[in-house]
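Undergrad: Quick one: sequence plus predicted model below, questions after.
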Amino acid sequence: MSQQMVSAVCALLAAISVATPFVALPPASTKSRCRVFGHYTFLTSQSNLILLAYHGLRLVAPESWLATHAFPLAFALGFGLTIMYYALCHFLEEKAREDKLWIEKGYTLIPIANHLEHGFALPLAVIDALFGGHAGETTFADTRLFVVGYIIFYLILILVNKKLTHEWVYPIFGVAEEKLGQPVGFLVLIVPIVLVYLSLAVLGQRLAG
């Protein structure tokens, strides 16, 4: 499979993941914590949009600096998105109850949409790493720049959203805040997240060769 074909397939499936919440899921405005940034309050929606832009750039301008050096971030976001969703969210009773309520209101595609939005990212990350022509293209400096840079951006967004909506995007931040106070509770969650995403980026580089 050629690098161009890999990028085309990845871009197409990433586009489906980006479009899914807008056509098959309840409006983001139904959640008060999303009233400022909409669907892009969530890491999933941002990750899918970044992956679409990345694979699209790999398709139309594969030699560009960004298309080459952003690979560690793309791999980490894609791999992490699928694992974290199915490990931390998909099988929760609370999510099942919420989905059932919305299905009864007419959003009957939710069971399929959950997989379309979250299921493609990991296999596409692996396919891109193995067949996308990334061998020797990036270094750990690229990992630090893109992965740490993006995590800092998203954490700032979380804090801004908390300031504007008075709600944490993810309830676990509230639990940590109650038990440990600020900023300790916030940092206790953030440090492992940073390490996980850095590790995933390095894994992607190893797979690429």
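TA: That came through, no problem. Numbers count the residues shown, from 1 in each chain.
Undergrad: Am I right that Phe22 is in contact with His39?
TA: Yes: the criterion here is C-beta atoms under 8 Å, and Phe22 meets it with His39 at 7.2 Å. C-beta: built from backbone N, CA, C; applies to glycine.
Undergrad: what about these two, which has more around it?
TA: His39 (21 against 12; other C-beta atoms under 10 Å).
Undergrad: Skip the chain neighbours and tell me the closest residue to Phe16.
TA: Small correction: residue 16 is Ile, not Phe. The spatial neighbour of Ile16 that comes closest, neighbours along the chain excluded (C-beta to C-beta, 6 or more residues apart in numbering), is Leu116 at 5.9 Å.
Undergrad: Can you name every helix or strand that whichever strand or helix holds the one you found contacts?
TA: Assessed by DSSP states H and E, Leu116 sits inside helix 110-118. Packing partners of helix 110-118 (3 or more C-beta pairs under 8 Å, 6 or more residues apart in numbering; DSSP states H and E): helix 3-24, helix 43-60, helix 71-88, helix 93-104.
Undergrad: The same query, at a cut-off of 6 Å, please.
TA: Under the contact criterion of 3 or more C-beta pairs under 6 Å, 6 or more residues apart in numbering; DSSP states H and E, helix 110-118 touches helix 3-24, helix 93-104.
Undergrad: next structured bit after that helix?
TA: helix 121-131.
Undergrad: buried sites along that following helix?
TA: 121-122, 124-131 (16 or more other C-beta atoms under 10 Å).
Undergrad: What is the nearest of those to Pro171?
TA: Ala121 (22.8 Å; C-beta to C-beta).
Undergrad: Distance-wise, check that closest one relative to Lys163.
TA: 29 Å (C-beta to C-beta, to the nearest Å).
Undergrad: Return the set of buried residues in the helix holding Leu116.
TA: Buried residues in helix 110-118 (16+ other C-beta under 10 Å): 110, 113-114, 116-118.
Undergrad: what secondary structure does Glu137 sit in?
TA: coil (DSSP: H, G, I helix; E, B strand; the rest coil).
Undergrad: Any idea how many residues pack against it?
TA: Glu137, neighbours per other C-beta under 10 Å, totals 16.
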